[in-house]
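Asker: got a predicted structure here, sequence first:
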Amino acid sequence: MRTQAIGNGSLRARIPAPFAAAMRALQLQGADTAELSSLRNEEWRELLPMMDHAHLALPFAQQDLSGLPNWVGEHLGNNLVDTARHWERVRAAYREAAAALDAYGVEYVVLKGFTQAPDFAPRPELRWQGDIDFYVPREHIPAAVRAFQEIEYASCHAEEDYRDADHVPTLVRFGAWKWNGNVYDPEVPPAVEVHFCLWNDSVYSIALPEIEEFWDRRRFRRLGDLTFPALHPVDHLGYLALHIVRGVFSAESPVHHDRELATFLHGRAFDDAFWKEWTAMHSPRLRRMQALAFSLAAAWFSCNQHGAVKAEIDSLDPPLRSWIETCGGAPLENLFRRTREGRLLQSLLAESPEARRKIMATALATGRIARPAKVASFETHPSTTPARSNLISSYLEYPAYLLSRIWMNGTAILRFLAHASLLHLPRRHTAWSED
């Protein structure tokens with residue numbers, strides 16, 4: 001797989017050429033669909049599942065699709081219809097969940113999901129939402145979980161290691177629904193995630209104590225006929241940016257959230273009042289963390305930016321700018337292979353030699369190897385149990401899975417070491433300037 005120019009051309013990533021073409025069609029400035037019109041049907045059949053996996057199919061479906069094969073337009077249109085129908089299920093599930101929390105006297109704010117509308121995504125019915133995220137102060141987590149258990153939610157994959165998570169095990173309703181292969185099945189039951197922190201200092205080895213102030217600034221918002229408690233708009237932006245950064249650390253691909261962030265930056269590029277408030281409310285340290293996500297959004301999706309955003313990106317310390325220039329395409333590659341370059345960024349930001357050594361050791365570890373039963377569940381929904389046929393085939397295919405993991409981890413570690421050497425890591429200092 002060759003490296004492809006992405007976004008505004010300042011970064012490159014090893015991604016399939018059709019996916020790079022779709023990224024060019026999603027640019028907020030200078031979008032280009034010419035390459036897509038020349039794709040063969042076979043290439044489209046490979047590209048569409050990639051777009052589903054990246055959560056970019058729905059934003060893509062809202063672009064000008066003229067010149068594309070009719071069946072592609074119909075397929076994307078069906079995705080939008082199914083997503084709009086599923087929104088009704090999400091809305092009903094939220095109302096029931098909120099009533100359960102209210103009955104237990106649990107205060108909360110809603111994160112991500114439908115709260116992204118309208119600044120980050122135009123309308124909730126145009127954005128797929130598989131779960132509903134609630135932030136609840138840590139001391140009220142047991143009561144929140146009991147409230148959801150009372151309405152028949154139960155822990156999903158509770159045996160997994162959640163030590164590095166910022167939420168308790170995902171809660172789902174086990175019922176008659178079965179996975180049918182449609183990513184946008186309107187009958188998918190929404191899951192619930194109960195978050196006990198907005199940023200986990202101990203996991204990321206980067207202290208951001210002012211995040212605790214987000215709770216004190218919460219406010220009620222209205223979206224259509226829904227009223228819900230949410231973060232202050234400035235803190236909402238900060239939370240999403242931090243969510244993207246920690247996704248980079250842990251080798252997830254935050255591409256869809258970065259597209260939403262780029263949409264926000266583009267739409268607020270001339271909103272002086274908002275950016276004045278952002279500068280006043282968030283410290284230089286917190287703004288610097290957000291600027292890392294802003295820089296990826298600008299590079300990947302060519303969004304316009306307010307002067308305050310440009311200034312914050314330009315003021316990033318040299319080690320951080322070097323990481324962006326060298327490794328800024330790696331988070332996109334996580335859609336297709338596991339990379340370790342996010343740990344380099346985390347090590348640059350870590351605040352002690354001990355933390356940096358721990359991060360580097362994590363980056364060089366082989367990672368978890370799934371059991372055969374877990375491999376069988378990769379193609380099912382959390383609220384369903386893998387079919388017997390899936391379990392049998394997973395045991396038969398398990399040796400190939402193990403070999404693929406060995407190859408994937410080996411090549412990722414070699415690339416990590418090469419980039420670490422290029423960036424002169426480990427360093428004796430952090431990338432933080434004096435605030």
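Answerer: Thanks, I have it.

Asker: how about the helices in the stretch 201-350 of the chain?
Answerer: 201-204, 213-216, 233-249, 255-267, 272-281, 284-301, 307-314, 318-327, 330-333, 341-349 (DSSP state H, counting those that start in this stretch).

Asker: out of the ones you listed, which is closest to Gly175?
Answerer: helix 255-267 (27.5 Å; C-beta to C-beta). C-beta here means a position set from N, CA and C on the backbone, and glycine is covered the same way.

Asker: okay, angle between the closest one and helix 307-314 too, please.
Answerer: 130 degrees (axes from the mean of the first three to the mean of the last three C-alpha atoms, to 10 degrees).

Asker: helix 255-267 - what's its average pLDDT?
Answerer: Helix 255-267 carries an average pLDDT of 98.

Asker: tell me what it is packed against?
Answerer: helix 233-249, helix 284-301 (3 or more C-beta pairs under 8 Å, 6 or more residues apart in numbering; DSSP states H and E).

Asker: how about these in a markdown table, adding distance to Thr83, mean pLDDT and mean neighbour count?
Answerer: Formatted as a markdown table, these follow (distance: least, C-beta to C-beta, whole Å; pLDDT from 0 to 100; neighbours: other C-beta atoms under 10 Å):
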| stretch | distance to Thr83 | mean pLDDT | mean neighbour count |
| --- | --- | --- | --- |
| helix 233-249 | 20 | 97 | 22 |
| helix 284-301 | 21 | 98 | 23 |
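
Asker: for those, give me TSV that also has distance to Thr411.
Answerer: Converted to TSV, the helices and strands packed on helix 255-267 look like this (distance: least, C-beta to C-beta, whole Å):
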stretch	distance to Thr411
helix 233-249	19
helix 284-301	23
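
Asker: mind checking which of these is nearest Pro142?
Answerer: helix 233-249 (23.7 Å).

Asker: so how far is the closest one from its chain's centroid?
Answerer: 9 Å (C-alpha atoms, centre = their mean, to the nearest Å).

Asker: could you list every helix and strand in contact with it?
Answerer: helix 213-216, helix 255-267, helix 272-281, helix 284-301, helix 341-349.

Asker: go again with 6 Å.
Answerer: helix 255-267, helix 272-281, helix 284-301, helix 341-349 (3 or more C-beta pairs under 6 Å, 6 or more residues apart in numbering; DSSP states H and E).

Asker: ok, residues contacting it?
Answerer: If you take C-beta atoms under 6 Å, 6 or more residues apart in numbering as the criterion, helix 233-249 is touched by 198-199, 214, 217, 231, 254, 257-258, 261, 277-278, 281-282, 290, 292-293, 331, 342, 346.

Asker: now do that helix against helix 272-281: the angle between them, please.
Answerer: Using the same axes, to 10 degrees: helix 233-249 against helix 272-281 is 70 degrees.

Asker: now the angle from helix 233-249 to helix 318-327?
Answerer: 60 degrees.

Asker: got the CA coordinates for helix 233-249 in PDB?
Answerer: Taking only C-alpha atoms (Å, rounded to 0.1, in the frame of the first residue of the first chain), the coordinates of helix 233-249 have been written out as PDB:
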ATOM      1  CA  PRO A 233     -20.000  25.300  24.200                       C
ATOM      2  CA  VAL A 234     -16.300  26.200  24.900                       C
ATOM      3  CA  ASP A 235     -15.900  23.100  27.000                       C
ATOM      4  CA  HIS A 236     -17.700  20.900  24.500                       C
ATOM      5  CA  LEU A 237     -15.000  21.900  21.900                       C
ATOM      6  CA  GLY A 238     -12.300  21.200  24.400                       C
ATOM      7  CA  TYR A 239     -13.700  17.800  25.400                       C
ATOM      8  CA  LEU A 240     -14.000  16.700  21.700                       C
ATOM      9  CA  ALA A 241     -10.400  17.900  21.000                       C
ATOM     10  CA  LEU A 242      -9.100  15.900  24.000                       C
ATOM     11  CA  HIS A 243     -11.100  12.900  23.000                       C
ATOM     12  CA  ILE A 244      -9.400  13.000  19.600                       C
ATOM     13  CA  VAL A 245      -5.900  13.300  21.200                       C
ATOM     14  CA  ARG A 246      -6.400  10.400  23.500                       C
ATOM     15  CA  GLY A 247      -7.700   8.400  20.500                       C
ATOM     16  CA  VAL A 248      -4.400   9.100  18.800                       C
ATOM     17  CA  PHE A 249      -2.500   8.000  21.900                       C
END
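
Asker: based on its surroundings, how many neighbours for Asn79?
Answerer: Residues lying near Asn79 (other C-beta atoms under 10 Å) number 21.

Asker: so who does Gly67 touch?
Answerer: Ser37.

Asker: now do 7 Å
Answerer: 33, 37 (C-beta atoms under 7 Å, 6 or more residues apart in numbering).

Asker: any low-confidence regions in the stretch 101-250 of the chain?
Answerer: 157-164 (pLDDT under 70).
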